[in-house]
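Peer 1: requesting a structural model of the entry that follows:
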Amino acid sequence: MARLRPRHPVRWLIGGAVALVVLVVGGTWLYIHVIEGPAPAKLSLQSGSSASASPAAAPTAAAAAATDVAGQWRVASGSVVGYRVQEVLAGQNNTAVGRTSDISGSMTISGTTVSAASFTVQMATVHSDQSQRDAQFDGRIMDTASYPTGKLTLSGPINLGGVPSDGVIRSYQATASLTLHGHTKTVAFALQAERTGTGIEVSGSIPIVFADYGIENPSFGGFVTTQDHGLLEFLVKFSRS
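Peer 2: Just a heads-up that it's a prediction; the model follows:
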């Protein structure tokens, strides 16, 4: 009579655990890289969108460059602001992006100097591609019920220099007061601006260290871990008030 080989429950348990890890990691990789796809591109100006005028149109472009930009400008439709944070999801690198178009504000240009600007964002309207991430953002991370808005106010003038033609992108440095989660800090950052046929567009990003604003680390339950910092991205379009 054949003898039955002894079973090894420990081996079965280890093998099952390994298989489970492979399944989770493999499934997460498949979700991030195949199903979900790459994160949205960084917010930026569309370079050269109206700078490819023919030589015959050069006088018109020069005349447009001389147009006075002084006055009041308001945030127009098509403006977007949001966050970009690097995270590790079950061992897989991922980029978390959340955005909103619920932005209000204005900008004042005196001569060729931006003398004042202020913008407000409704934080509960910032959404990503994951409802679970949004629930964490609205709740324990940003507590949007207690701190419903984020605000950026220019704290120093920006000299625009010579007024460029439509479609020409210029880079500038700005200093502002940024309020998030009930905390206000002074931030310095680079931005790009472009005149268009209908207004002005401004784009840039501001590095954010979460602890500076009393924001809890977004990491969740050991399954999702994030860096202790991220980027606040913006693309703001202005039209005449």
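Peer 1: pull the number of nearby residues for the closest residue to Gly111 other than its chain neighbours.
Peer 2: Leaving out its chain neighbours, the residue that sits closest to Gly111 by CB to CB, 6 or more residues apart in numbering is Ala70, at 5.7 Å. For the C-beta atoms, the positions are set from N, CA and C on the backbone; glycine is no exception. Neighbourhood size, Ala70 [other CB atoms under 10 Å]: 13.
Peer 1: strands along this protein, start to end?
Peer 2: 71-75, 80-89, 92-100, 103-110, 113-122, 149-154, 158-159, 169-180, 183-195, 200-209, 224-226, 229-240 (DSSP state E).
Peer 1: now for the longest one, which elements pack on it?
Peer 2: Read it as strand 183-195. strand 169-180, strand 200-209 (3 or more CB pairs under 8 Å, 6 or more residues apart in numbering; DSSP states H and E).
Peer 1: now that strand: buried residues?
Peer 2: Applying a neighbour-count criterion of 16 or more other CB atoms under 10 Å, one finds Val187, Phe189, Leu191, Gln192, Ala193, Glu194, Arg195 buried in strand 183-195.
Peer 1: tell me the domain boundaries of this structure?
Peer 2: The chain breaks down by automatic domain parsing into domains covering 6-37, 42-240.
Peer 1: as JSON lines, these with mean pLDDT would be great.
Peer 2: Listed next are the domains of the chain as JSON lines, based on pLDDT from 0 to 100:
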{"stretch": "domain 6-37", "mean pLDDT": "45"}
{"stretch": "domain 42-240", "mean pLDDT": "88"}
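Peer 1: pick the most buried one from those.
Peer 2: domain 42-240 (a mean of 16; mean count of other CB atoms under 10 Å).
Peer 1: residues contacting Leu154?
Peer 2: Residues in contact with Leu154 (CB atoms under 8 Å, 6 or more residues apart in numbering) are Val114, Ala116, Ala117, Ser118, Ala174, Thr175, Ala176.
Peer 1: again, 6 Å this time
Peer 2: Neighbouring residues of Leu154 by CB atoms under 6 Å, 6 or more residues apart in numbering: Ala117, Ala176.
Peer 1: still on that earlier bit, just put the helices and strands packed on strand 183-195 in TSV and tack on distance to Ser77.
Peer 2: Shown next, in TSV, are these (distance: least, CB to CB, whole Å):
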stretch	distance to Ser77
strand 169-180	21
strand 200-209	12
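Peer 1: just so I know, which of these lies nearest Val163?
Peer 2: Closest to Val163 of the helices and strands packed on strand 183-195 is strand 169-180 (CB to CB; 9.6 Å).
Peer 1: can you add distance to Glu216 and give the strands of the chain back as a markdown table?
Peer 2: Supplementary listing: the strands of the chain in a markdown table, determined by distance: least, CB to CB, whole Å:
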| stretch | distance to Glu216 |
| --- | --- |
| strand 71-75 | 29 |
| strand 80-89 | 13 |
| strand 92-100 | 15 |
| strand 103-110 | 25 |
| strand 113-122 | 19 |
| strand 149-154 | 16 |
| strand 158-159 | 33 |
| strand 169-180 | 12 |
| strand 183-195 | 13 |
| strand 200-209 | 13 |
| strand 224-226 | 11 |
| strand 229-240 | 13 |
